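**Q** Sharing a sequence plus its predicted fold:
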Amino acid sequence: MDIKQIQELIKFVSRSGVNEVAIEQEDFKITIKTNQAPTFVQATVPAQIAPVAPIAAPVAAPAETKASAPVEDTSKYITIKSPMIGTFYRSASPDKPFFVNVGDEISTGKVICIIEAMKLFNEIESEVSGRIVKVLVDNASPVEYDQPLFLVEPI
């Protein structure tokens, strides 16, 4: 990070209402604190998650997988990914029905979920038309930027 990016980050933090922001990368760490009332937001940088993926896929597992269940081909599906870091919600409130369920047909512009980021509830609209095949995230779970949320079969 250069000084200009740090200054922009400081301005953003002061306007956002967040009390403290800590960013840690391989060779860089910064913490910005304000005197505002505490607001808690927990986030991790997607680059820090990348090394976990290869570890999660064991080498000896393919033989076991073939015996237990057929491998699903997801290459024909479109993946809807998170446009931001936040908390994923499938409905507007706990007492309301989910925006979409597996098997539902969606069209471009239909609200499919909400992601809460810094106490703002952002409606996420579909950019594709199709049928929901799989919901990849649990309700009220934290999500990362570009994390897959839904698999959609194009129509």
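**A** Perfect, thanks for sending it.

**Q** Looks like I124 contacts E116 (just checking).
**A** No - here I124 does not reach E116: they are 11.0 Å apart, not a contact under Cβ atoms under 8 Å. Placement of C-beta: from N, CA and C, glycine included.

**Q** More neighbours: which of the two?
**A** I124 (21 against 17; other Cβ atoms under 10 Å).

**Q** which residues does the more buried one contact?
**A** By Cβ atoms under 8 Å, 6 or more residues apart in numbering, I124 lies in contact with S82, P83, V111, I112, C113, I114, I115, L149.

**Q** Give the rounded mean pLDDT of whichever strand or helix holds the last one.
**A** Per DSSP states H and E, L149 falls inside strand 148-154. Strand 148-154 shows a mean pLDDT of 95.

**Q** Report the strands that pair with it, each with its relative direction.
**A** With DSSP bridges as the test, strand 148-154 is paired with strand 78-81 (antiparallel), strand 130-135 (antiparallel).

**Q** Please parse this structure into its domains.
**A** Annotated domains of the chain cover 3-33, 78-154 [the TED database].

**Q** Just give me the lowest mean pLDDT stretch among those domains.
**A** domain 3-33 (a mean of 75).

**Q** Just give me how far that domain sits from the chain centre.
**A** Relative to the chain's own centre, domain 3-33 is displaced by 21 Å; criterion: Cα atoms, centre = their mean, to the nearest Å.

**Q** Also stretch 77-97?
**A** 8 Å.

**Q** Show me the contact partners of it.
**A** Residues outside stretch 77-97 that contact it (Cβ under 8 Å, 6+ apart) are 43, 98-100, 112-118, 121-122, 124, 126-128, 130, 133-135, 137-154.
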